[in-house]
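Engineer: quick one, what's the 3D model for this:
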Amino acid sequence: MNIREAKDRSPLLIGQLTELWERSVRATHLFLSAEEIEAIKAYVPQALKSVPHLIVAEREDGSPAAFMGIGGQKLEMLFAAPEERGKGLGRRLVAYGITQYAVRELTVNEQNPAARGFYEHMGFRAVRRSERDEQGNPYPILYMELG
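Structural biologist: Numbers count the residues shown, from 1 in each chain. Take a look at the predicted model:
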């Protein structure tokens, strides 16, 4: 896998990452309905275009296997293709974010215990909780910092 910052956020790449995002969310965010996923998906391309640093892990054929977005010292997003889960790619990406971009904080859905456990394994600890997500939806969010 090649990990690189996507300087050229072409329509093709944004489309590939949006599709990867959707497959990842359907596999991991079991608390969201299909309708909610579709509604959130409408905002994903703009989020991908506007996040300050978009880092992509590419397979040998150049197709994206996972990606993360970083703003300041915050991990804004991290998604892996379902078939790539459990292979160490998320760990590699987060470690890359910590060493190359000084990532020190993130938020995670409380209703996604696998993600929370992953981030705790990576050294992050919950420092506060919100009853609602950033869009005001009733999905509790945990704010985590690197311990």
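
Engineer: residues in contact with the helix or strand hosting Leu17?
Structural biologist: Per DSSP states H and E, Leu17 falls inside helix 11-28. Residues outside helix 11-28 that contact it (CB atoms under 8 Å, 6 or more residues apart in numbering): 6, 32, 37, 40-41, 44-45, 48-49, 54, 56, 63-67, 79-82, 85, 112, 114-115. Every residue, glycine included, has its C-beta placed from N, CA and C.

Engineer: all strands for the protein, in order.
Structural biologist: 2-5, 53-58, 64-71, 74-80, 105-109, 124-130, 141-146 (DSSP state E).

Engineer: any buried residues in the shortest one, and which?
Structural biologist: Which is strand 2-5. The neighbour-count check on strand 2-5 (16 or more other CB atoms under 10 Å) flags Ile3 as buried.

Engineer: just the mean pLDDT for that strand, thanks.
Structural biologist: In this model, strand 2-5 carries a mean pLDDT of 95.

Engineer: for it, what is the distance to the chain centroid?
Structural biologist: Centroid separation for strand 2-5 versus its chain: 15 Å, with CA atoms, centre = their mean, to the nearest Å.

Engineer: tell me the strands beside it, with direction?
Structural biologist: Paired with strand 2-5 in the same sheet, following DSSP bridges, are strand 53-58 (antiparallel).

Engineer: swap in the fifth one?
Structural biologist: According to DSSP bridges, the neighbouring strands of strand 105-109, each with its direction, are strand 74-80 (parallel), strand 141-146 (antiparallel).

Engineer: got the angle for the shortest one vs strand 124-130?
Structural biologist: In other words, strand 141-146. Per axes from the mean of the first three to the mean of the last three CA atoms, to 10 degrees, the angle that strand 141-146 makes with strand 124-130 is 150 degrees.

Engineer: for the residue of the chain most remote from its centre, report the pLDDT, please.
Structural biologist: In the chain, counting by CA atoms, centre = their mean, Asp61 sits farthest out from the average C-alpha position, at 22.0 Å. The model reports Asp61 with a pLDDT of 94.

Engineer: Asn2 versus that one, what's the distance?
Structural biologist: Using CB to CB, to the nearest Å, Asp61 is found at 11 Å from Asn2.

Engineer: out of everything not next to it in sequence, what's closest to Arg92?
Structural biologist: Once flanking residues are discounted, Arg92 sits nearest to Ile3: 6.8 Å by CB to CB, 6 or more residues apart in numbering.
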